[in-house]
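K.L.:
Okay, sequence plus prediction incoming.
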2 protein chains.
Amino acid sequence: MGGDIGPRVNVAAAALAAREGIQIILVGDEAVLRAEVERLDAGALPMSIRHASQVVEMEEKPSEAMRRKKDSSIQVACQLVKDGEADGVVSAGNSGASVACGMFVLGRIKGVERPALASIMPTEKSPVVLIDVGANVDSKPYNLAQFAIMGDVLARDVLCVKKPRVGLLSIGEEEGKGNVVVKEAYDLMKETKLNFVGNVEGRDIFTGNLDVAVCDGFVGNICLKLSEGLARSFGRVLKRELKSHILSRMGAMLSMHSLKSFAQMLDYAEYGGAPLLGLKSILIVCHGASNPKAVTNAIRMAATYVERGSHERLATELSAHSALSQFSRHKS
Amino acid sequence: MGGDIGPRVNVAAAALAAREGIQIILVGDEAVLRAEVERLDAGALPMSIRHASQVVEMEEKPSEAMRRKKDSSIQVACQLVKDGEADGVVSAGNSGASVACGMFVLGRIKGVERPALASIMPTEKSPVVLIDVGANVDSKPYNLAQFAIMGDVLARDVLCVKKPRVGLLSIGEEEGKGNVVVKEAYDLMKETKLNFVGNVEGRDIFTGNLDVAVCDGFVGNICLKLSEGLARSFGRVLKRELKSHILSRMGAMLSMHSLKSFAQMLDYAEYGGAPLLGLKSILIVCHGASNPKAVTNAIRMAATYVERGSHERLATELSAHSALSQFSRHKS
């Protein structure tokens, strides 16, 4: 039911994924969803409907929505996973409410202090995982080390990187640069079995020479939104400039194909949504303004995550690194 | 002497500024500087030379450079200001050493706990001041409130904005969103006489609907470098795409003028350098890779700052808001 446009986008996206053989349960107002399925002539696809009488609105406070709307589509969807009827959840609705439902209904993997939201961002070369992009603020060093482990599993399983290069976002490459939390996180990350490449800077994120960038959710959320905003500004300025002269307009027509490829680099729909990692299952939060392509890609990502057993691998990795937790708790 | 290319760029930039009537003292190796001045046939301009026997290298540790190289060009330049022989300093050298010399040689305005580095960034419309971009990490709420006051004076005097819109960089627009430090800084900023527009998000920085964005130096430095990196990536991808087909190449030629205007939005040289605010004078730190245009613009900015009496205004504003300091110290 969620998203700026609502079920029309989500059902279309689900139908596309179902055509590829992914089993779908649409959760929300049954009449509305059934009408969408019929409109798309998608009745024969592996899609069922589960009724939920309420919808969390985009501007609602997550905590209140959790409490007041027990029969909201997002809460019912998470409950389906908890009850073993589904393996993962994809939502384009209220992000805060999705994260809250994920944390409280799905529950955390044993040993995970704080689940984290990962964003997969396009770069000049291969995509990069930025984690956390806003599930937490005021993270402790040990939280950052856990985010690194989660991001590593995501890069391996979803982006198919064999030995992900994991960096810690800071303000200088040398060890010892950064704020208090980052300096201690550096020490912890050195102790992991990750391919830890040390501190990385803001300019390193989009070079494509990095697979995972680890940061606190306050920093990551600002980075994500800044990148989106800057990309949109560039797009608008370029369009405005190209429209301003007759020669430019002709030029733009001739170079249309290349300009489209350029625009794809700005297209966040490529990776669909941000997975919330550290839960007993997978929940993927899509942008409210997602188009069907973005939501389909998010569904594909959830399916890949489940098929490859990423959740089990994550639990194993976190448990293998649990000694770090003791180290950190004593220090902080 | 500083910068990736060194005196050749700096002397050329200084000569341009001197032609506009700005009095210049070149600080560094006298023989080298004199040769550059002669090469440019700039002997008649209002430029003098002050010898300094040492240079801080780009990779040197600021604290060591401060201690070991008392006769470095940056330290001698700051001393000139302290002795009343100059009114401000512009450097394209080691940023850390420049900031350290600024803080310790020039000294802070009374009441300033932490000077801050401001970056003026181009947007779709008018430029925006991002402060702090790396002079400090682990800033306290009161520091952020002081950064806001400094950024406001800079936007008024250098960008000529009458009533700068000052925002606090956070992860949600509503009051109460953000980390612990930002939440308290919000309360302090509400108490100022600034045109405080509340929390702003990463996506708001480049819209041009904001004049000053306030943040801790850890966040600001990452934002600044991320923006630079992303802009460069976009430029490279666009160039690569346009070169890849014969039609695109023709198109690119026809739209050359517009593509150049687009590139200007990516051009940080427009605003020259980052002023370090809160000192008893002005120090402007330029990018190591600055071209003469960037350094000339930085010199112009320093001259404007001095001519408009921004330093006195800043001291007055900070003192008018000193009650905030008491409020904050009691709370934190």
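P.N.:
Happy to help now that I have it.
K.L.:
A:G278 against A:R108, yeah?
P.N.:
Yes - assessed by Cβ atoms under 8 Å, A:G278 is found in contact with A:R108 at 5.8 Å. Placement of C-beta: from N, CA and C, glycine included.
K.L.:
more crowded one of those two?
P.N.:
When A:G278 is set against A:R108 and neighbours are counted by other Cβ atoms under 10 Å in any protein chain shown, the residue ahead is A:G278, at 29 against 15.
K.L.:
Now the nearest residue in space to the more buried one that is not next to it in sequence: phi and psi?
P.N.:
Closest residue to A:G278 apart from its sequence neighbours, by Cβ to Cβ, 6 or more residues apart in numbering or on different chains: A:P115 at 3.5 Å. Listed backbone geometry of A:P115 is phi -60, psi 160, with angles given as degrees, to the nearest 10.
K.L.:
Could you do A:S281 as well?
P.N.:
The phi and psi values for A:S281, taken as degrees, to the nearest 10, are phi -160, psi -170.
K.L.:
how much space between it and chain B?
P.N.:
25 Å (Cβ to the nearest Cβ, to the nearest Å).
K.L.:
pLDDT value on that residue, please?
P.N.:
Reported pLDDT at A:S281 in the predicted model: 92.
K.L.:
close enough to count as contact, it and A:L80?
P.N.:
No - using Cβ under 8 Å as the test, A:S281 is too far from A:L80 to be in contact (10.1 Å).
K.L.:
And what about A:G288, helix, strand or coil?
P.N.:
Under the three-state scheme (DSSP: H, G, I helix; E, B strand; the rest coil), the conformation of A:G288 reads as coil.
K.L.:
distance of it from chain B?
P.N.:
Distance from A:G288 to chain B, by Cβ to the nearest Cβ: 13 Å.
K.L.:
coming back round to it: list the contacts of the residue nearest to A:G278.
P.N.:
A:99, A:102-103, A:108, A:135, A:276-279 (Cβ atoms under 8 Å, 6 or more residues apart in numbering or on different chains).
K.L.:
quick one: which of the residues you listed is nearest B:V200?
P.N.:
The closest of the contacts of A:P115 to B:V200 turns out to be A:A135 (Cβ to Cβ; 20.7 Å).
K.L.:
ok, the closest one to B:E57 distance?
P.N.:
Summarising the geometry, the distance separating A:A135 from B:E57, computed by Cβ to Cβ, to the nearest Å, is 42 Å.
K.L.:
Comparing these two, which residue is more hemmed in?
P.N.:
A:A135 (27 against 13).
K.L.:
so what's the residue nearest the centre of chain A bridging to?
P.N.:
Ranked by distance to the mean C-alpha position of chain A (Cα atoms, centre = their mean), the top residue is A:A274 at 0.8 Å. Judged by DSSP bridges, the bridge partners of A:A274 are A:V285.
K.L.:
where does the residue nearest to A:I109 when sequence neighbours are not counted land on pLDDT?
P.N.:
Taking Cβ to Cβ, 6+ apart as the measure, A:I109 lies nearest to A:A315, with 5.0 Å between them; neighbours along the chain are not counted. Listed pLDDT for A:A315 reads 93.
K.L.:
Give the rounded mean pLDDT of stretch A:284-296.
P.N.:
Averaging pLDDT residue by residue across stretch A:284-296 gives 90.
K.L.:
again with stretch A:77-84
P.N.:
Predicted confidence along stretch A:77-84 averages 96 (mean pLDDT).
K.L.:
what residues does that stretch touch?
P.N.:
Counting by Cβ under 8 Å, 6+ apart, residues outside stretch A:77-84 touching it are A:25, A:27, A:50, A:52, A:86-89, A:91, A:101-102, A:105-107, A:281, A:283.
K.L.:
now, which of these lie within strands?
P.N.:
Secondary structure of the contacts of stretch A:77-84 is defined by DSSP state E; positions in strands are A:25, A:27, A:50, A:88-89, A:91, A:283.
K.L.:
ranking the residues you listed by neighbours, who comes first?
P.N.:
Among the ones in strands among the contacts of stretch A:77-84, A:S91 has the most neighbours (other Cβ under 10 Å), with 30 neighbours.
K.L.:
and that one, what are its bridge partners?
P.N.:
A:S91 has the following beta-bridge partners by DSSP bridges: A:V285.
K.L.:
Need the pLDDT of it.
P.N.:
96.
K.L.:
how close does it sit to A:G288?
P.N.:
Here the criterion is Cβ to Cβ. By it, A:S91 lies 10 Å from A:G288.
K.L.:
which residues are common contacts for the two?
P.N.:
Shared contacts of A:S91 and A:G288, counting by Cβ under 8 Å, 6+ apart, come down to A:G2.
K.L.:
Just give me the neighbour total for the residue nearest to A:A42 when sequence neighbours are not counted.
P.N.:
Once flanking residues are discounted, A:A42 sits nearest to A:A15: 4.3 Å by Cβ to Cβ, 6+ apart. By other Cβ under 10 Å, the residues close to A:A15 number 20.
K.L.:
could you check the angle strand A:24-28 makes with the helix or strand where A:A15 lies?
P.N.:
Taking DSSP states H and E as the definition, A:A15 sits inside helix A:7-19. Computed with axes from the mean of the first three to the mean of the last three Cα atoms, to 10 degrees, the direction of helix A:7-19 lies at 160 degrees from that of strand A:24-28.
K.L.:
Show me the strands in chain A, by range?
P.N.:
A:24-28, A:47-51, A:88-91, A:116-121, A:128-131, A:165-169, A:195-200, A:212-214, A:273-277, A:282-286.
K.L.:
As a markdown table, those with distance to A:H245 would be great.
P.N.:
Formatted as a markdown table, the entries for the strands of chain A read as follows, by distance: least, Cβ to Cβ, whole Å:
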| stretch | distance to A:H245 |
| --- | --- |
| strand A:24-28 | 48 |
| strand A:47-51 | 50 |
| strand A:88-91 | 44 |
| strand A:116-121 | 33 |
| strand A:128-131 | 36 |
| strand A:165-169 | 41 |
| strand A:195-200 | 40 |
| strand A:212-214 | 40 |
| strand A:273-277 | 39 |
| strand A:282-286 | 38 |
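K.L.:
And those: which comes nearest B:E201?
P.N.:
From the strands of chain A, taking Cβ to Cβ, the stretch that ends up closest is strand A:116-121, at 14.6 Å.
K.L.:
Grab the nearest non-local neighbour of A:Y271.
P.N.:
Using Cβ to Cβ, 6+ apart and skipping residues adjacent in sequence, the residue nearest A:Y271 is A:I120, 3.9 Å away.
K.L.:
what about the residue nearest to A:G278, distance to B:D87?
P.N.:
For A:P115, the distance to B:D87 - Cβ to Cβ - is 54 Å.
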